[in-house]
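A.B. asks: Model the following, please.
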Amino acid sequence: MTFYRTTRLMLCSAAILSIASSAFALDGNDLLKKINDVYGQQGGSIAANGVDIDGTTVTLKGASFKAAGMQDSIPLGDITMSDVEEEDGGYTIGEVAFPDVDIDKDGVAIAAADLTLSGVEVPADATKGDLGSLLFYKSAHAGTLSVTKDGAEVFSIENADATMTKRDDKSGLDFDAKINGVKADLSKVDDPKAKDAIAALNLQEINGAIAMKGSWAIGPGTIDITEYSFDFKDIGKLNLAFSISGYTPAFAKSMQDALKTVRANPNQQEAQQSAGLAMLGLLQQLTFNSAQIRFDDASITARALDFAGKQQGVTGKQLADTLKAMTPIMMAQLNVPELQNAVSTAVSAYLDNPKSLTVTAAPGKPVPVPMIIGAAMGAPQSIPQVIGLKVSSND
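C.D. replies: Coordinates of the predicted model:
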């Protein structure tokens, strides 16, 4: 009797577990749909030949990606998403692993490995226009990448990493990215003139890194890029920074809608004109806060002066002296004496002792972008005052 009771209890338990498992099974097709809801905002989409479910692992079999304006899809292979959980209509994914890339076409081979995304959040509703409606990831990683032409490697990177962090109050996010070990072999350039210039500038092999760091405040739509740098050995470091406001989710959606309209119109000339007018309207919402371009020299300036001077039959020093004399004359045409003096002083100091050259635009208060456009069209000489333009060197 006890044996039969135990057997019945086990069978009932198994039935309950089976029903529960079925009820809470992941819907891979819904996950793919939610991902495409986000990509669809930009006109892109991901397709798959099949969707396999194994516990909390979802695999998109034979996946491919098609971006806006592309006729052909890009094959991606099998994409594995692990630790997937449904959450309030959306999904969280522990890790998304992409297959290695190995493409060989017309003598050019591209290979990439270890491509992953971690801490991915897929929104339930991509149209809400808040932080929760974005496709978010905590980190992204790529391993080695190489481009080979006719059997010789011409470009490669060691690795790349990017992170995004949501602010606790959900007011925005901070992000940074870095590409390490960027190498390019320019010795294989075929054009004789370009080859001579590369040799004279000692640019046969370049080696460096690319980095980016910034933030996005959702409410005011303030994008603040504090670093976007290209740092290469024996060349120098170029860093771009800027801050604008008004780039809200609603603004981004309006831009995407305008682009969709262009793509859907068979009359592209008419579509481009309409898009131009739409963009001018959207620019009314943007405000310029600041910008800076800075170059820290690592010996390229002296080599460039020597090379350019040789083309004109003079030394690098003589060319530098000529440029110093010509700068005030060229700047005088702008009829902005204060800027003329600042640029002339900065250029002269830099050419005498190349260390750094900085161009900064920092208005006393944020300036609407239409005001800058209007000044550029009606009174170009007023631009330096409108945006607070300054030039300095070796600081």
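A.B. asks: quick one: the helices in the stretch 101-250 of the chain?
C.D. replies: 192-200, 249-264 (DSSP state H, counting those that start in this stretch).
A.B. asks: for those helices, which one ends up most surrounded?
C.D. replies: Of the helices of the stretch 101-250 of the chain, the one with the most neighbours on average (mean count of other C-beta atoms under 10 Å) is helix 249-264, at a mean of 15. Yep, even glycine has a C-beta here, placed from its N, CA and C like the rest.
A.B. asks: I'd like the next helix or strand past that one.
C.D. replies: For helix 249-264, the following helix or strand on the C-terminal side (DSSP states H and E) is helix 268-283.
A.B. asks: what about that following helix, distance to the chain center?
C.D. replies: Computed by C-alpha atoms, centre = their mean, to the nearest Å, the chain-centroid distance of helix 268-283 equals 24 Å.
A.B. asks: now do stretch 56-73
C.D. replies: Worked out by C-alpha atoms, centre = their mean, stretch 56-73 lies 20 Å from the chain centre.
A.B. asks: Number of residues surrounding residue 84?
C.D. replies: 22 (other C-beta atoms under 10 Å).
A.B. asks: got a list of contacts for stretch 340-351?
C.D. replies: 301, 305, 320, 323-324, 327-328, 331-332, 334, 356-357, 390-394 (C-beta atoms under 8 Å, 6 or more residues apart in numbering).
A.B. asks: Quick check: next helix or strand after the helix or strand residue 34 falls within?
C.D. replies: Assigned by DSSP H and E, residue 34 belongs to helix 28-39. Later in the chain than helix 28-39, the nearest helix or strand by DSSP H and E is strand 45-47.
A.B. asks: If you count neighbours, what's buried in that following strand?
C.D. replies: 45-46 (16 or more other C-beta atoms under 10 Å).
A.B. asks: what are the ranges of the strands in the stretch 51-200 of the chain?
C.D. replies: Secondary structure of the stretch 51-200 of the chain, counting by DSSP state E, counting those that start in this stretch: strands at 57-66, 74-87, 90-98, 101-105, 108-112, 115-122, 139-142, 145-149, 152-157, 159-166, 172-185.
A.B. asks: mind checking which of these is nearest residue 230?
C.D. replies: Nearest of the strands of the stretch 51-200 of the chain to residue 230, taken as C-beta to C-beta: strand 172-185 at 8.6 Å.
A.B. asks: Could you tell me the least trusted of the helices of the stretch 101-250 of the chain?
C.D. replies: Among these, helix 249-264 has the lowest mean pLDDT, at a mean of 79.
A.B. asks: now that helix and helix 268-283, what's the angle there?
C.D. replies: In terms of direction (axes from the mean of the first three to the mean of the last three C-alpha atoms, to 10 degrees), helix 249-264 departs from helix 268-283 by 170 degrees.
A.B. asks: need the contact list for the residue nearest to residue 210 when sequence neighbours are not counted.
C.D. replies: Spatial nearest neighbour of residue 210, excluding adjacent residues (C-beta to C-beta, 6 or more residues apart in numbering): residue 179 at 4.3 Å. Contact analysis of residue 179 by C-beta under 8 Å, 6+ apart lists 157, 159-160, 209-211.
A.B. asks: Apply 10 Å and report the result again.
C.D. replies: Taking C-beta atoms under 10 Å, 6 or more residues apart in numbering, we find residue 179 in contact with 142, 145, 157-162, 208-212, 230.
A.B. asks: And residue 230, by the same measure?
C.D. replies: Counting by C-beta under 10 Å, 6+ apart, residue 230 touches 179, 182, 208-211, 236-240, 295.
A.B. asks: Is there a quick PyMOL command that grabs whichever of the residues you listed are buried?
C.D. replies: Buried residues among those (16+ other C-beta under 10 Å), as a PyMOL selection:
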select buried, resi 179+182+208+209+210+211+236+237+239+295
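A.B. asks: As TSV, the contacts of residue 230 with pLDDT and distance to residue 80 would be great.
C.D. replies: Output for the contacts of residue 230, formatted as TSV (pLDDT from 0 to 100; distance: C-beta to C-beta, whole Å):
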residue	pLDDT	distance to residue 80
179	98	24
182	97	28
208	97	33
209	98	30
210	98	28
211	98	29
236	97	42
237	98	38
238	98	38
239	98	37
240	98	36
295	98	43
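A.B. asks: Just the ones of the contacts of residue 230 in strands?
C.D. replies: Within those, residues falling in strands by DSSP state E are 179, 182, 208-211, 236-240, 295.
A.B. asks: Could I get the residues you listed in TSV, plus columns for distance to residue 43?
C.D. replies: Shown next, in TSV, are those (distance: C-beta to C-beta, whole Å):
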residue	distance to residue 43
179	26
182	30
208	34
209	32
210	27
211	29
236	38
237	36
238	32
239	32
240	27
295	36
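A.B. asks: what's the angle from the helix holding residue 34 to strand 57-66?
C.D. replies: Using the same axes, to 10 degrees: helix 28-39 against strand 57-66 is 40 degrees.
A.B. asks: per-residue confidence averaged over helix 28-39?
C.D. replies: Here the average pLDDT along helix 28-39 is 92.
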